[in-house]
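A.B. asks: how does the following fold in three dimensions:
(one chain, ligands or ions: 1)
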Amino acid sequence: MKISGTGSVLPKKVVTNDMLSEFLDTSDAWIYPRTGVKSRHVISDERLEEMAIEAARKALEDASMQASELDFIICSNVVNEYITPQLSCIIQGGIGANCPCIDINCACAGFIYALHLAESFYKAGSVKNVLIVCAEEPTRMTDWTDRRTCVLFGDGAGAAVLTPGDNIKGFSLSAASATDKLYQYRTLQPTPYITKQEQDVPLQMKGQDVFKFAVKASSSDITKVLREQGVSPDEVDHFLLHQANLRIIQTIESFLEQPAYKFPVNIEDHGNSSSSCCPILLDECRRQGRFKPGDKIVISAFGAGFVSGAVLLEW
Ligand code: ACO
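C.D. replies: From the prediction side, this is the model:
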């Protein structure tokens, strides 16, 4: 398969570090050097499903494709206001498609897992055109009185249209269960029979553990996929990494002994929008004309679970 179109949408409300310090005991002087984030786009009056539909429409337009030509929609989403129906079904109706669809929840690694799933559909010969949409609102998961988490995140939606081709060269996926490092609970509806203790807990994160996992998992995924495809890091033109923390990106840069210009970033004014980060960055780089035909691109992400993955593709 190959990526034939991309699209992305960000909420209009921009929240700077200085705006956060109006109600939190934090500052730009703390946040920026430790994370690389200066501002983020935060949902206010938008609905996530509408942003997802708009990102999908943009990707279809970019691929010069009608929604009716799609054979499958995969949506990566951790949380949205609907528990059911799945977001991919809402997107299907919104864009006027009539194909089957499925949601996955692979946290921030969702775009890589969605590409891998799509690849298996292509290998089975069951699809021609696939739409992936990653739509996330992590700002609705954090406690906005917790300066350790809420400063990191932003919202957004990114989409990619896939068509037949051989531009995707290989994947490396991994998972290592660690449910106490990064998690959120929510209570379900009460029943007359529930006797266990339940509570709503906003996103909890052991930041330094996540940092270490992220560096180790992404470095290992990238090394593995490159080794398997016989490609050296020097031959890769662009590394699009999950935008969780600029220091994580820089540590992976050093590990791979590659120059910073190969690692495009948008974390400074987007923050971490979970699985949407990679397709939004892909869309922005593509629209800026950064990719030439034949360029080798590695996309790599990690997230709660823990899960992680890397994909090597040729533009
Ligand atoms: N403003 C001011 N002070 C703060 C803030 C803040 N926003 N956040 C934490 N602090 C304070 C803490 O309270 C602590 O103070 P104390 O020593 O008095 O208790 C001090 O700063 C150090 O806190 P640490 O948590 O140890 O800070 P650290 O250097 O580890 O940086 C950070 C925290 C930026 C979160 C880092 O651990 C990190 O980036 N981890 C990875 C996070 C990540 O990638 N998350 C992914 C999220 S989800 C996903 O993408 C899958």
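A.B. asks: so which bits of the one helix or strand Lys224 maps to are buried?
C.D. replies: For Lys224, the host element (DSSP states H and E) is helix 207-229. Residues of helix 207-229 classed as buried by neighbour count (16 or more other CB atoms under 10 Å): 210-211, 213-222, 224-226. C-beta here means a position set from N, CA and C on the backbone, and glycine is covered the same way.
A.B. asks: what's the helix or strand for the spatially closest residue to Gly309 that is not a sequence neighbour?
C.D. replies: With sequence-adjacent residues excluded and distances taken as CB to CB, 6 or more residues apart in numbering, Gly309 is closest to Ile112, at 3.4 Å. Per DSSP H and E: Ile112 is located in helix 110-123.
A.B. asks: still on that earlier bit, return only those of the buried residues of helix 207-229 found close to the ligand.
C.D. replies: Val210, Phe211, Ala214 (CB under 6 Å from any ligand atom).
A.B. asks: which SS state does the residue lying farthest from the centre of the chain fall under?
C.D. replies: Largest separation from the mean C-alpha position in the chain: Pro192, at 38.8 Å (CA atoms, centre = their mean). Here Pro192 is coil, with the state taken from DSSP: H, G, I helix; E, B strand; the rest coil.
A.B. asks: how close does it get to Ile83?
C.D. replies: Going from Pro192 to Ile83 by CB to CB, to the nearest Å gives 21 Å.
A.B. asks: how about the helices in this protein?
C.D. replies: Ranges of helices within the chain are 17-20, 28-35, 48-62, 87-95, 110-123, 207-229, 246-256, 267-270, 277-287, based on DSSP state H.
A.B. asks: pLDDT score for the residue in the chain positioned nearest to the ligand?
C.D. replies: At 2.6 Å from the ligand, Gly207 is the closest residue in the chain, using CB to the nearest ligand atom. You'll see Gly207 listed with a pLDDT of 95.
A.B. asks: offset the numbering so it begins at 23, please.
C.D. replies: Happy to do that; since the first residue is 23 now, the last one works out to Gly229.
A.B. asks: check contacts around it.
C.D. replies: Residues in contact with Gly229 (CB atoms under 8 Å, 6 or more residues apart in numbering) are Arg170.
A.B. asks: mind doing that once more with 10 Å?
C.D. replies: Arg56, Thr57, Arg170, Thr171, Leu174, Lys203, Leu204, Asn267 (CB atoms under 10 Å, 6 or more residues apart in numbering).
A.B. asks: what sits against the closest residue to the last one other than its chain neighbours?
C.D. replies: Once flanking residues are discounted, Asn267 sits nearest to Thr57: 5.1 Å by CB to CB, 6+ apart. Applying CB under 10 Å, 6+ apart, one finds that Thr57 lies in contact with 39, 173-174, 229, 266-270, 289-290, 293-294.
A.B. asks: if any of those residues are buried, put those into a PyMOL selection.
C.D. replies: PyMOL command restricting the contacts of Thr57 to the buried ones, with burial defined by 16+ other CB under 10 Å:
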select buried, resi 39+173+174+266+267+268+270+289+293+294
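A.B. asks: need the contacts of Thr57 in CSV (columns: distance to Glu68).
C.D. replies: What follows is the contacts of Thr57, written out as CSV (distance: CB to CB, whole Å):
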residue, distance to Glu68
Asn39, 22
Val173, 21
Leu174, 20
Gly229, 28
Ala266, 23
Asn267, 25
Leu268, 26
Arg269, 30
Ile270, 28
Ile289, 21
Glu290, 22
Gly293, 16
Asn294, 18
